[in-house]
Every structure is written in C-alpha cells, then in structure tokens.
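Engineer: No letters, just coordinates:
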Ligand code: LLP
C-alpha cells in the first residue's frame, strides 16, 4: 500500500517538476525509509535524529528538507555539514544563526522560508499549523522583508518559500488557497530578482479513518497544479500520513471483558503508550476482530492497561462481542502510531512486522526490560 500510494503521488504530479519528501515523523522505521528512498523519495525531517535516520536509509542529502521551529545549533551544523537540500527556516533569528554557522564554515545554507498564510485547514486544533497565531513560520506579509535581509547574508542562499497548513486535511480547498497564496508570494519574489528554485506546500493530505475512500494524490494535484501554473519552480510536497497510515495495523489481545455500572469494557494489552492518538486527539481508529466469529455485537469501550482514564483506543464502539484471548486489529496505525509511542508505565514498546510480496519480516524486535533501563546510570 505504501508503494501504491507513492506511485499515485508520482503519477499525479508528473506534469510538473516535483520532489516528494516523505515526512519521516509519521513513521521513522528504517525499513519504511529505505523503501521510499529506493523509489526516489526525498525526506522531510524535524530533528537531528531524523536527519541521521534519513541518511542511514539512503536518502541523498540534497533531497532532504529540514523543518522545525526549534532547531538547535548542533542540528543546524549537522544539516550544513551533511549538505541538506533545504532548511525550512521558521524565524528570522534562525536565519541569522544559520547564516553565521554557514559563513564560519565557508558554506552556504540553502533556505526556504516557512510562511503562515493564515488559512484554516478545518482539522483538529492540535494539528492545525498555518493559522496566524500558530508558533510556526512567519506571517506571509513579512516574508518579503525577511528574505531581503536574508539575501544579504553571505552564508544564506534563498531558494524558496514553504508552508504547511496542518495535518489530516480532508477538504482540499484550503490547500488550493494556500497554494495560491504561496504562488503569489513566489511570483513577487521572482519579480524582484530572487533566484528561487522551489515551491514547498508541505504535507497534510488526510486519510479516512472510518474506512471510506480517502482524498487521493490526484485530487490534491487537481487543486494544486492550477495554482502554480507557469511558475518556473520545483514543487516540493511533504506527505507523511497519507503515505503510511492505511498500511499499518496494530494487533492487540483481549485480556478481560467487564461491565461497570452498565458500561462495558474490553481490556486489551495495548494502551495509550502504544497508540496515543485516541487519547490525545480523540482520534477514531477502527477496531476489528482478526478472526470474526459472527457472534452478536455489543457496545463497549476498548481500553488499555495504563493507569489513566484517558487510556482508551475506542469509546462506545459497536464491536463483535470479544472473548479474552481474541486478537483485535486497530486499523490505520501506520502513521503517528509507533512514532508517538512511549514506555509510560515501563511498558516495553511493540515489535513491528512488515508485510511485503506475500511474505513478512520483523523490522523491529519487541523491547525488553533491559532496553527500558539501558540508559540509566
Ligand atoms: N511537513 C511539516 C512541516 C509538518 O509539520 C508535517 C506534520 C508534515 C509535513 C506531514 O504532515 P502529514 O502529511 O502527515 O499530515 N501526530 C499528529 C499529526 C502531527 C503532524 C505534524 N506535522 C496525528 O497523529 O494526527
């Protein structure tokens, strides 16, 4: 499925020069990274750790873009020394620091400025990022001034503008609006002599967690391509979720079934430390029996063993009545699943298995107690 979606992206954007930079944060397992690197993807990274993981998986540095409001000096220097394609700078201070670091090393940092077009993507507030009051980027109206000053710095080479509206975007119209706003800015910059190369619209294409049809890369292309018509720039996209969410399933075993004051609980062996999305965003993930018995359905909360009421995978969900020992599949966990997992309650993290070409292989072993205490001194 990851490969199919990758191909759909490549095909949809084939009419224009483009680079698809997979957002490593969605799922940073090296096996997924290698699969995409081999197909020609670039990588969108947000930390030194993701940079090293992307290089290790074989992404060429020039295909890596580095986002993030809080890049440390160490991370800026690492990106410079590895020769990454673009720093998506998020403040003027960052440009100053990056410029100084580059100059001191006799290098030039390639910089794209992240702007906030102040467009509401209509998604969960925690993952809306392009609004005026968000911590990300700079207001689009100030971009011209900031870039004029950036251009004076010998350590900086301004290559473009970037924006990212937010994640899990289902209505694509705001992405079209953002593309038009960014295209206006890019045209103005080209007009005043900026030698731009890229036009980076970020990620954000959503998936249908209810299992219906999901907005496709070709639908995205339909709103984006008209907005950038005639711009002599390489389109950069940073999809994460849409490439990997649907390809992942979390398996969990039923431990107990109980009823408290009329509320039925199915207690399973995976919790909020394994899949945080329901607890953090009230996100919906389908939960299905792996081997349906065809028995009666009940309404239940599917909850984990963690010591918090927020530790649920599904609430008030109609589900075939499970028995202890049954395996359940929690769907669409390929993005922001393992990536956001933790060891809370000293629970070792899960193993990961990749299904490919009819076979399967272990791509991360289950953690042990020794793994949990390894870094303690
Ligand atoms: N580019 C930038 C600058 C980003 O901040 C993000 C995601 C992406 C690209 C990729 O967006 P995507 O295509 O995956 O929507 N943990 C949340 C999602 C957080 C997204 C953060 N930024 C969740 O589980 O829903």
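Structural biologist: Yes, it's here. Because the structure is predicted, anything quoted here is derived from the model rather than measured.

Engineer: Show me what counts as buried in the longest helix out of those in the chain.
Structural biologist: Counting residues, the longest helix in the chain under DSSP state H turns out to be helix 173-191. The neighbour-count criterion (16 or more other C-beta atoms under 10 Å) identifies 174-183, 185-186, 189 as the buried residues of helix 173-191. C-beta here means a position set from N, CA and C on the backbone, and glycine is covered the same way.

Engineer: same deal with stretch 54-70?
Structural biologist: Buried, per 16+ other C-beta under 10 Å, within stretch 54-70: 54, 55, 57, 59, 61, 63, 64, 65, 66, 67, 68.

Engineer: And for stretch 98-106?
Structural biologist: For stretch 98-106, a neighbour-count test (16+ other C-beta under 10 Å) marks 98, 99, 101, 102 as buried.

Engineer: State whether the last one is indeed within a helix.
Structural biologist: Yes. Remark: residue 102 belongs to a helix, assigned using DSSP: H, G, I helix; E, B strand; the rest coil.

Engineer: Show me which of the buried residues of helix 173-191 is closest to residue 14.
Structural biologist: Closest approach to residue 14 among the buried residues of helix 173-191 (C-beta to C-beta): residue 179, at 17.4 Å.

Engineer: Distance-wise, check that closest one relative to the ligand.
Structural biologist: 15 Å (C-beta to the nearest ligand atom, to the nearest Å).

Engineer: Tell me which helix or strand residue 266 sits in.
Structural biologist: Residue 266 belongs to strand 263-268 when elements are defined using DSSP states H and E.

Engineer: What is that strand packed up against?
Structural biologist: Contacts defined by 3 or more C-beta pairs under 8 Å, 6 or more residues apart in numbering; DSSP states H and E place strand 263-268 against strand 249-260, strand 297-303.

Engineer: Quick one: name the residues of the stretch 201-350 of the chain near the ligand.
Structural biologist: When proximity is defined as C-beta under 6 Å from any ligand atom, the stretch 201-350 of the chain approaches the ligand at 202-205, 238-242, 277, 281, 336, 340.

Engineer: So which of those sit within helices?
Structural biologist: Those of those lying in helices (DSSP H): 241, 242, 277, 281.

Engineer: Among the residues you listed, which one sits closest to the ligand?
Structural biologist: Closest to the ligand out of those is residue 241 (3.5 Å), distances taken as C-beta to the nearest ligand atom.

Engineer: Tell me, how many residues neighbour that closest one?
Structural biologist: Residues lying near residue 241 (other C-beta atoms under 10 Å) number 25.

Engineer: Quick check: chain neighbours aside, which residue is closest to it?
Structural biologist: Counting by C-beta to C-beta, 6 or more residues apart in numbering, residue 335 is the residue found nearest to residue 241 once chain neighbours are left out, at 4.0 Å.

Engineer: ditto for residue 226
Structural biologist: Nearest residue to residue 226, sequence neighbours excluded (C-beta to C-beta, 6+ apart): residue 176, at 7.9 Å.

Engineer: and the one you found, what does it touch?
Structural biologist: Going by C-beta atoms under 8 Å, 6 or more residues apart in numbering, residue 176 touches 223, 224, 226, 227.

Engineer: Next: residue 271.
Structural biologist: Residue 271 touches 303, 304, 305, 306, 311, 313, 345, 347, counting by C-beta under 8 Å, 6+ apart.

Engineer: try 10 Å
Structural biologist: 252, 279, 303-308, 311-313, 341-342, 344-345, 347 (C-beta atoms under 10 Å, 6 or more residues apart in numbering).

Engineer: ok, now residue 52?
Structural biologist: Counting by C-beta under 10 Å, 6+ apart, residue 52 makes contact with 45, 78, 82.

Engineer: Which one of the residues of the stretch 201-350 of the chain next to the ligand is nearest to residue 258?
Structural biologist: Using C-beta to C-beta, residue 277 comes nearest to residue 258 of those, at 24.4 Å.

Engineer: Tell me, how many residues neighbour the residue nearest to the closest one when sequence neighbours are not counted?
Structural biologist: Distances taken as C-beta to C-beta, 6+ apart place residue 283 nearest to residue 277, at 3.8 Å, with adjacent residues excluded. Number of residues near residue 283 (other C-beta under 10 Å) recorded here: 18.
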